[in-house]
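Chemist: Pasting the sequence and the predicted model now:
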Amino acid sequence: MPTNSFRFILAVMLLPFLWTAAGAQAVSFPDLGSPLLGRGDVAYLDLAKLIIPSLAADGNGFYKGGPPIEMRHIEGPDSGGSPPETTSLPNAAVLPIKAGGKDRLAILFDLGDSPDSAEGYAVLALYDVTARPKLLDAANVAVDRSTYFREPNKLPIGAGDDMLITMSTHFNSSQGYVITPLIMVRDDKFELIDMIYTFDERLCAYSRKQDMAFQTIADGQPYAAIKVTVTDSTVPSDESCDDAPPDAASHDISVTYHWDKKTSRYLKDSDAFEKLAAENEKRF
């Protein structure tokens with residue numbers, strides 16, 4: 001099965017787990033050939049071609065093209081791999097957002113595997129579509145094999161500003177690895193706030209899952225504080241296993257990000273997520 005076809009099927013399978021009702025209303029997966037909502041003169045393909053200039057319909061429900069335009073990785077110049085030489089897409093994930101008090105459109109294109117990295121290559125693009133469509137920014141946000149918007153997809157951090165939440169993941173038979181970037185938009189450019197690493201596993205005797213919840217808190221700063229809570233839960237199984245199951249347990253790990261005017265960026269109030277990542281790594 002082609003890589004992008006597998007990614008599309010996986011995305012459909014994951015939707016019930018990645019969306020809340022609010023998220024389901026916000027994110028859409030239109031065919032690239034369809035017109036923008038309320039616009040008869042512009043198709044999503046026109047926006048996609050600002051990223052992949054050679055993209056065109058192949059007659060089989062997919063859109064194929066060569067490599068994308070050059071762009072940075074959201075984590076910095078030392079991160080990420082090269083883009084694939086060819087791309088095949090059925091659609092893209094479309095998310096209307098607010099940035100600087102203006103209406104913007106964020107679109108996530110998962111282009112497939114990078115030829116020189118274990119990570120995939122996924123483009124997060126920012127558009128102004130209020131008049132003639134304009135590409136404002138684009139960054140590779142892949143930090144693992146497959147990349148999606150993550151529930152709740154966006155959070156308001158100001159009267160006219162949304163923060164974006166993406167996720168990159170891969171699975172094997174008993175383990176799931178998830179990396180969650182938190183991304184803000186400032187001056188129509190994407191800025192990384194942080195990356196959070198979680199790890200799920202299902203063994204014979206028990207399963208252990210790390211779920212994530214997000215909350216914004218107005219604290220008098222230009223951007224609201226962001227509280228992220230990881231709930232680490234262990235659930236014994238009813239299976240007959242060689243190992244005795246552990247006791248059921250659940251605990252929360254929370255970090256709050258506050259806007260710091262002096263550094264003009266978000267700062268976190270603890271290193272709890274770094275400690276969690278280090279503990280998880282020992283279980284790989």
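Modeler: That came in fine, so what should we check first?

Chemist: What degree of burial does Ala138 show, as a neighbour count?
Modeler: 21 (other Cβ atoms under 10 Å). Where C-beta positions appear, they are placed from N, C-alpha and C, glycine not excepted.

Chemist: all helices of the stretch 151-284 of the chain, in order?
Modeler: 272-281 (DSSP state H, counting those that start in this stretch).

Chemist: so where do the strands sit in it?
Modeler: 161-171, 175-186, 189-202, 206-217, 225-236, 249-260, 265-268 (DSSP state E, counting those that start in this stretch).

Chemist: now, of the ones you listed, which is deepest in the fold?
Modeler: Ranked by mean neighbour count, the strands of the stretch 151-284 of the chain are led by strand 161-171 with a mean of 21 (mean count of other Cβ atoms under 10 Å).

Chemist: I'd like the mean pLDDT over it, please.
Modeler: Averaging pLDDT along strand 161-171 yields 96.

Chemist: Same question for stretch 109-120.
Modeler: Stretch 109-120 comes out at a mean pLDDT of 91.

Chemist: circling back: want to try TSV for the strands of the stretch 151-284 of the chain, with distance to Asp31 as columns?
Modeler: Compiled in TSV, the strands of the stretch 151-284 of the chain are given as follows (distance: least, Cβ to Cβ, whole Å):
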stretch	distance to Asp31
strand 161-171	22
strand 175-186	26
strand 189-202	25
strand 206-217	30
strand 225-236	34
strand 249-260	37
strand 265-268	36
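
Chemist: Out of the ones you listed, flag the one nearest Ser28.
Modeler: Nearest to Ser28 among these is strand 161-171; the distance by Cβ to Cβ comes to 15.3 Å.

Chemist: and that closest one, which strands flank it?
Modeler: Strand 161-171 has the following strand partners under DSSP bridges: strand 146-158 (antiparallel), strand 175-186 (antiparallel).

Chemist: Kind regards, and thank you for your time.
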